[in-house]
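Peer 1: curious how this folds, go ahead:
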Amino acid sequence: CIQAGAKQDDILELIGEITDESFNEKLISSTVQKWGQLDVLVNNAGGSSIAHTGKGILDIPLIEFDQTIDLNIKQVLRLSKLAVPHLEKTKGAIVNVSSIASSLKQSVWPYYSAAKSALDQITVQMAGSLIKKGI
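Peer 2: Residues are numbered from 1 along each chain as shown. Have a look, this model is predicted:
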């Protein structure tokens, strides 16, 4: 960022685990503390284990499902809940980044595809309720 011309005062760098609730709280509170408001939340984190690529959905350990849901869904809900009170004040926005994997009929990463499909529906449901708050 600095090489591209940003000033050090214009940067907030936080390192942490996005699936950790306390880091989610720190991420939102530190952002609001630094800039006094929140205008947009971009939920862009996502992914899945590649350890069982190509296996059928019933052949993949359920722990991987839990991890995939934590990364692709739960952190979106947590961060969004934390951000909404601030976004109401600024009439801000939430952007959830999904994937074409949500529409694949047969995926080499079935849990990831299922999680992104769920994210698509969560986004629709969030939009329907948050529009009433100006978000």
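Peer 1: pretty sure residue 26 contacts residue 17?
Peer 2: No. When contacts are counted by CB atoms under 8 Å, residue 26 is not listed as touching residue 17 (10.8 Å). Where C-beta positions appear, they are placed from N, C-alpha and C, glycine not excepted.
Peer 1: so those two - more neighbours on which side?
Peer 2: residue 26 (14 against 11; other CB atoms under 10 Å).
Peer 1: so what's that one up against?
Peer 2: By CB atoms under 8 Å, 6 or more residues apart in numbering, the residues touching residue 26 are 14, 16.
Peer 1: backbone dihedrals for it, please?
Peer 2: When quoted as degrees, to the nearest 10, the phi and psi of residue 26 stand at phi -60, psi -40.
Peer 1: cool, residue 43 as well?
Peer 2: phi -90, psi 100.
Peer 1: and it, how many neighbours does it have?
Peer 2: 23.
Peer 1: do residue 64 as well
Peer 2: 17.
Peer 1: helices and strands around the host helix or strand of it, which ones?
Peer 2: Residue 64 belongs to helix 62-69 when elements are defined using DSSP states H and E. If you count contacts as 3 or more CB pairs under 8 Å, 6 or more residues apart in numbering; DSSP states H and E, helix 62-69 packs onto helix 110-130.
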